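K.L.:
here are the coordinates; sequence isn't available:
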């Protein structure tokens, strides 16, 4: 799409599908965080959850939440301002979020079927978002 600004023509390179996905991921992550927190509390009450693992699991969930806020902010900012640096940094932070999601999918103390479902959805959205970020960065650079 071309935009005319004071006699100059420039094209808009920001990705609308990527921006929509940032919004959807933000809403989904709120659900993910609350559901995972509730399941950790549930597992600590119902199962013999080792006290040595309860603290680290909760800490990793809160670290993941901080990373998610930073990741979504930088990604959205980079996309809207058509700057590859914030978008690229968001892509790097996504790797950390993926590792933490895999932790909650595979390595946490108890993994319920609900854990598997919400983490698979989260990993799918991370993958889709990463592809769109790479395409947007390529468009910004060229």
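P.N.:
Thanks, I have it. As the structure is a prediction and not an experimental result, all values here were calculated from the model.
K.L.:
can you pull the contacts of the most centrally placed residue in the chain?
P.N.:
In the chain, the centroid-proximal residue (C-alpha atoms, centre = their mean) is residue 68; its distance is 5.1 Å. With contact set as C-beta atoms under 8 Å, 6 or more residues apart in numbering, residue 68 has these partners: 29, 33, 97. Glycine gets a C-beta too; all of them are placed from N, C-alpha and C.
K.L.:
of those, which is the nearest to residue 112?
P.N.:
Here the nearest of the contacts of residue 68 to residue 112, counting by C-beta to C-beta, is residue 33; it sits at 16.0 Å.
K.L.:
now that closest one: which helix or strand?
P.N.:
Element membership for residue 33, per DSSP states H and E: helix 16-46.
K.L.:
hang on, residue 128 packs against residue 21?
P.N.:
Yes - the criterion here is C-beta atoms under 8 Å, and residue 128 meets it with residue 21 at 6.5 Å.
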